[in-house]
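K.L.:
Below is the structure, and that's it, no one-letter string:
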């Protein structure tokens, strides 16, 4: 046996997506990091060992403009490019390469941390080291650091250090949460095993093992959906253990889950109710994917009311959008629905105070063990949300170490610096503008080759019968006069519409009625019908126009999207749970669905012209939609020309680094495995080929030439600084989009 001692600035324990993003964020900010994982692969529940889809704020397309950026966003985009089929082993490689690319990270796989050295009174403890055993190598390794981040999911490191935590469900009156039980208990969400199937070229028999459960003797075939073609996360409901201890009873839970999986497969193969003769099992998981265990106590406990109110915390550092998603304690044997969901009107915010321990001064945490109630945890637990929390924790830990202070003091004295540091790294803090005083682009005068001034979509491709209400969302800047729609009318009728406010800048649902409009139309095809909807908001905003159902009218629809314009169809009011039938909450994001309308807007003309796509948007501090699109959009790129955007300073600048952020359509729902795939390997709007030019010595000089780009954010660190008072980004080609679209340009001198 070999004993070792390793020192680093920060030790991150847990190699799920929260731990990966925490380690990468800290490393990119210059800190040395040890990333420790007790499994042979990174990715946690998303890895090839467990194979859970990486869900996040998009909620499979329920939330709008909600996909994560930052480190998690990089991995989503890279996986879409490399792995459109959703191969779990290729996803492992995307995650691994993200870590290995950082020279400041030392990675320790197969290393199980089981000892923590900590001291101090209960209310003011400090961790000195964590010790792990590297399986297969006979190495006992002690990790000494100034800061520790517990991303273990189960919260083992914080527990061993004496950090305050809770397990189970809080009582309703503790945080005034509607979805909490009347009396507190130790019930958690259960664990799940998944399986894959495939179609063989010949009949395949299946003889179940002796321990396979006869599921016909349970409620499973009655209360759960079983289909022969489904596998993987379609069977997320194979869940059990919520009434047990999901850590100490882990093996018992695994065995029960195995018995049900092999019993379900016996039911599919041998009951005669399914067309499954040629189907066979390809893979069955052996590591239960845990949903819940310890949740640490920070300086703030995120709760249900914060989620539903979308509380805009001053110390917000991450966001989520998945529903509050709670499951019955009995899991797969429950006669209730497998889950119940409650959505706010849009994304919600997560405060930094929920990411550090209230009583261990150098302990932070990220993932499913953050400071949140059981009910709030029902949404923060999904992996892409855990990942953005991880990036925030890693960024906070890095700044705290640099300054030699605790995370609490960082919150109290340097919160704006942390937020601005994260925004510079492309982490998403919704509704907060970047305002870096070192960004030279802020003082430049900006012009462009062209600007998309009109919100017009005229290329009709398909039609849609107006048999239910349709919603149209578009930006208004500075005013709205009218909306024209391209319709067919079977007979003389009236086209009716309502104009609504969306409320918060991060919301994309009708919230407050403004006015209605109606226009008589005669029978006929391809008529442009104008609706007068005069409105001038106090500041740039989104309008939500509801076109009322009319069986006599058909809308014309385009397959050419325009950034900032979304369409929705109104469905039935979602039912949350029979337990809440007397006070059903409104869930507009679930009722107004865009799934059939993704990248398919109705044909329309908005008047007057809009300023929402102007060149100045690239320095307004926003790098994703918020009460408007916040990006420069050019006129359509012609075959033999290029679009450009130019920065001009009054005085010569010495430029060392340039940041470019392109539009990667954060409304597009990406996922790591097999839930669905996009029809394109790269988001079409992303700029593919471009040049950066500087005006020096009386001529334009190309300083960067980029081909085949598929990434949202590009950081160009120049080999030699360039002195110039003019900088130009020339865009030659996108990945399929018809226009040049840029969210942000940042320019930095020598630091």
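P.N.:
Received the coordinates, thanks. Keep in mind that this is a model prediction, so the values were computed, not measured.
K.L.:
you'd agree residue 143 is up against residue 9?
P.N.:
No. Taking contacts as C-beta atoms under 8 Å, residue 143 lies outside contact range of residue 9: 11.3 Å. C-beta here means a position set from N, CA and C on the backbone, and glycine is covered the same way.
K.L.:
If you count surrounding residues, which of those two has more?
P.N.:
residue 143 (25 against 21; other C-beta atoms under 10 Å).
K.L.:
Can you classify residue 596 by secondary structure?
P.N.:
Three-state call for residue 596 (DSSP: H, G, I helix; E, B strand; the rest coil): helix.
K.L.:
Just give me the neighbour total for residue 206.
P.N.:
15.
K.L.:
Same check on residue 435?
P.N.:
12.
K.L.:
can you check residue 289 too?
P.N.:
There are 23 residues near residue 289, going by other C-beta under 10 Å.
K.L.:
Now for it: which residues touch it?
P.N.:
Going by C-beta atoms under 8 Å, 6 or more residues apart in numbering, residue 289 touches 45, 50, 52, 191-194.
K.L.:
So for it, what's the pLDDT?
P.N.:
For residue 289, the model assigns a pLDDT of 97.
K.L.:
what's the spacing between it and residue 226?
P.N.:
20 Å (C-beta to C-beta, to the nearest Å).
K.L.:
cool, residue 434 as well?
P.N.:
Taking C-beta to C-beta, one finds residue 434 at 49 Å from residue 226.
K.L.:
Those two - which one has more neighbours?
P.N.:
residue 434 (21 against 17).
K.L.:
Check the offset of the helix or strand where residue 75 lies from the chain's centre.
P.N.:
Counting by DSSP states H and E, the element that carries residue 75 is helix 70-82. A distance of 11 Å separates the centroid of the chain from that of helix 70-82, by C-alpha atoms, centre = their mean, to the nearest Å.
K.L.:
And the next helix or strand past it?
P.N.:
Immediately after helix 70-82, counting by DSSP H and E, sits helix 88-100.
K.L.:
What mean pLDDT does the next helix or strand after that next one get?
P.N.:
Per DSSP H and E, the first helix or strand lying C-terminal to helix 88-100 is strand 105-108. For strand 105-108, the mean per-residue pLDDT is 98.
K.L.:
Counting by contacts, list what strand 105-108 packs against.
P.N.:
helix 17-28, strand 33-36, helix 88-100 (3 or more C-beta pairs under 8 Å, 6 or more residues apart in numbering; DSSP states H and E).
K.L.:
Longest strand of the protein, counting residues only.
P.N.:
Ranked by residue count and defined by DSSP state E, the top strand of the chain is strand 713-734.
K.L.:
Same question for that one: list its buried residues.
P.N.:
713-714, 722, 724, 726-734 (16 or more other C-beta atoms under 10 Å).
K.L.:
Given that strand, what are its sheet partners and their directions?
P.N.:
strand 643-662 (antiparallel), strand 687-696 (antiparallel) (DSSP bridges).
K.L.:
Just put the helices and strands packed on strand 105-108 in TSV and tack on mean pLDDT, mean neighbour count and distance to residue 111.
P.N.:
What follows is the helices and strands packed on strand 105-108, written out as TSV (pLDDT from 0 to 100; neighbours: other C-beta atoms under 10 Å; distance: least, C-beta to C-beta, whole Å):
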stretch	mean pLDDT	mean neighbour count	distance to residue 111
helix 17-28	98	31	12
strand 33-36	98	28	5
helix 88-100	98	19	14
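K.L.:
how about the ones you listed in CSV, adding distance to residue 742?
P.N.:
Listed next are the helices and strands packed on strand 105-108 as CSV, based on distance: least, C-beta to C-beta, whole Å:
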stretch, distance to residue 742
helix 17-28, 23
strand 33-36, 32
helix 88-100, 25
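K.L.:
Out of these, which gets nearest to residue 116?
P.N.:
strand 33-36 (12.1 Å; C-beta to C-beta).
K.L.:
Run through the stretch 51-200 of the chain and note the low-pLDDT ranges.
P.N.:
Scanning the stretch 51-200 of the chain for pLDDT under 70 picks out nothing.
K.L.:
How are the strands of it distributed by residue range?
P.N.:
Taking DSSP state E, counting those that start in this stretch, the strands of the stretch 51-200 of the chain run over residues 105-108, 111-119, 126-134, 139-144, 147-150, 165-166, 191-192, 195-199.
K.L.:
To residue 516, which of those lies closest?
P.N.:
Here strand 191-192 is closest among those (C-beta to C-beta), at 47.9 Å.
K.L.:
Spatially nearest residue to residue 665, not counting backbone neighbours?
P.N.:
Of all residues not flanking residue 665 in the chain, residue 683 sits nearest, at 5.0 Å (C-beta to C-beta, 6 or more residues apart in numbering).
K.L.:
List the residues that contact that neighbour.
P.N.:
Residue 683 makes contacts with 77, 80, 663-665, 668, 712, 735, as judged by C-beta under 8 Å, 6+ apart.
K.L.:
hmm, which two among those are most spread apart?
P.N.:
80 and 663 (15.0 Å).
K.L.:
who's more crowded, those two?
P.N.:
residue 663 (27 against 23).
K.L.:
What's the local residue count around the closest residue to that one other than its chain neighbours?
P.N.:
Distances taken as C-beta to C-beta, 6+ apart put residue 741 closest to residue 663, at 3.8 Å, once the chain neighbours are dropped. Number of residues near residue 741 (other C-beta under 10 Å) recorded here: 25.
K.L.:
With residue 596 instead?
P.N.:
11.
K.L.:
Which residue is the nearest non-sequential neighbour of it?
P.N.:
residue 569 (6.1 Å).
K.L.:
Equivalent analysis for residue 473, please.
P.N.:
Closest to residue 473 by C-beta to C-beta, 6+ apart is residue 566, at 4.5 Å.
K.L.:
Format the contacts of residue 289 as JSON lines; extra columns: neighbour count and distance to residue 452.
P.N.:
Converted to JSON lines, the contacts of residue 289 look like this (neighbours: other C-beta atoms under 10 Å; distance: C-beta to C-beta, whole Å):
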{"residue": "45", "neighbour count": "27", "distance to residue 452": "42"}
{"residue": "50", "neighbour count": "22", "distance to residue 452": "44"}
{"residue": "52", "neighbour count": "23", "distance to residue 452": "40"}
{"residue": "191", "neighbour count": "28", "distance to residue 452": "50"}
{"residue": "192", "neighbour count": "27", "distance to residue 452": "46"}
{"residue": "193", "neighbour count": "23", "distance to residue 452": "50"}
{"residue": "194", "neighbour count": "24", "distance to residue 452": "45"}
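K.L.:
Quick check: of the residues you listed, which lies closest to residue 351?
P.N.:
residue 45 (24.5 Å).
K.L.:
State whether the closest one is indeed within a strand.
P.N.:
No. When classified by three-state DSSP, residue 45 is found to be helix rather than part of a strand.
K.L.:
For residue 313, see how far away it is.
P.N.:
Distance from residue 45 to residue 313, by C-beta to C-beta: 27 Å.
K.L.:
residue ranges with poor pLDDT in this structure?
P.N.:
In the chain, residues with pLDDT under 70: 577-584.
K.L.:
one step back: please list all residues in contact with the residue nearest to residue 473.
P.N.:
Applying C-beta under 8 Å, 6+ apart, the residues contacting residue 566 are 64, 472-474, 508, 594, 597, 601, 667.
K.L.:
Most neighbours of all those residues, which one?
P.N.:
Neighbour max across the contacts of residue 566 (other C-beta under 10 Å) = residue 508, 28 neighbours.
K.L.:
which residues touch the residue nearest to that one when sequence neighbours are not counted?
P.N.:
Nearest in space to residue 508, with sequence neighbours left out and distances taken as C-beta to C-beta, 6+ apart, is residue 64 at 4.0 Å. Contact analysis of residue 64 by C-beta under 8 Å, 6+ apart lists 346, 473, 508, 566, 589, 594, 667.
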